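Q: Provided below are the primary sequence and the corresponding predicted coordinates.
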Amino acid sequence: MPPPLHVSFIAGRTGTWRIDSMSTVRGEPLALAERLMIVEGQEATPHSDMQWALRGVTSNTRYTHKTELEHLVDKQEGLRRLQATCAAFIPIRKTAAWWDLAQDERRAIFEEQSGHIRIGMDYLPAIARRLHHSRELGEAFDFLTWFEYAPEHAEAFDDMLRKLRNIAEWQYIDREIDIRLSRSA
Ligand code: HEM
């Protein structure tokens, strides 16, 4: 498990990723912006044309069982593959009811009832992912989820999202913004 990495997602007029669309799935929207800059491992300096900045940190797994982890490690690929010129940035907040549950109740909803990992696994290695925790940092969202894929896998990504948004776990999500991005090859 790599050590925690602090990551800032800064929306404004500069950054490698062009924002192609922003849609509010649930809750309060975020201000529209043109580009997204990702700063890893250091405090990001705020700049004048910044629309918003969200911070998160990578962490150890909470819910994944040993065999699931082994399958993930076998199947998943890293970020920054040359062909992965599309990305999705999906900040998510979960409800107080979710956080009131015990860890074993959350795991049961997350996987036994919902099959989050079972669903996601079918889309590896086409989709590369990185999960950032934000709740501990006192941020507006609990999680910042980041995905990268090649344009030919954009439909598969949408297919996976349709499935995930129907599972029991998603009933505990009260804020979700779906931001799609692209960069030149
Ligand atoms: C690409 C396929 C995907 C795979 C293989 C996958 C796998 C996982 C795994 C293994 C975890 C648990 C980490 C832990 O043990 O702490 C997790 C957590 C999470 N995933 Fe996914 N996921 C996928 C897609 C997605 C998508 C598309 C979204 C958002 C739209 C998403 C949102 C989340 C969130 C918010 C968590 C944290 C849940 C919590 O701690 O309460 N995942 N995912």
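A: Happy to help now that I have it. Numbering: from 1, shown residues only.
Q: switch to C-alpha atoms for all contacts and neighbour counts from now on
A: Noted.
Q: sec struct for Asp49, please.
A: Put simply, Asp49 is coil when judged by DSSP: H, G, I helix; E, B strand; the rest coil.
Q: likewise Ile92?
A: Taking three-state DSSP as the rule, one finds Ile92 in the strand state.
Q: could you pull out the strands in the protein for me?
A: Secondary structure of the chain (DSSP state E): strands located at 6-12, 17-26, 35-40, 52-57, 86-94, 128-133, 143-149, 173-182.
Q: now those in a markdown table, with distance to the ligand?
A: Shown next, in a markdown table, are the strands of the chain (distance: least, Cα to the nearest ligand atom, whole Å):
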| stretch | distance to the ligand |
| --- | --- |
| strand 6-12 | 16 |
| strand 17-26 | 10 |
| strand 35-40 | 18 |
| strand 52-57 | 12 |
| strand 86-94 | 6 |
| strand 128-133 | 6 |
| strand 143-149 | 5 |
| strand 173-182 | 8 |
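Q: mind putting those strands into a markdown table with distance to Ile167, mean neighbour count and mean pLDDT?
A: A markdown table is the format used below for the strands of the chain (distance: least, Cα to Cα, whole Å; neighbours: other Cα atoms under 10 Å; pLDDT from 0 to 100):
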| stretch | distance to Ile167 | mean neighbour count | mean pLDDT |
| --- | --- | --- | --- |
| strand 6-12 | 27 | 22 | 96 |
| strand 17-26 | 15 | 17 | 98 |
| strand 35-40 | 29 | 19 | 96 |
| strand 52-57 | 25 | 20 | 96 |
| strand 86-94 | 14 | 22 | 98 |
| strand 128-133 | 19 | 19 | 98 |
| strand 143-149 | 17 | 22 | 98 |
| strand 173-182 | 11 | 20 | 98 |
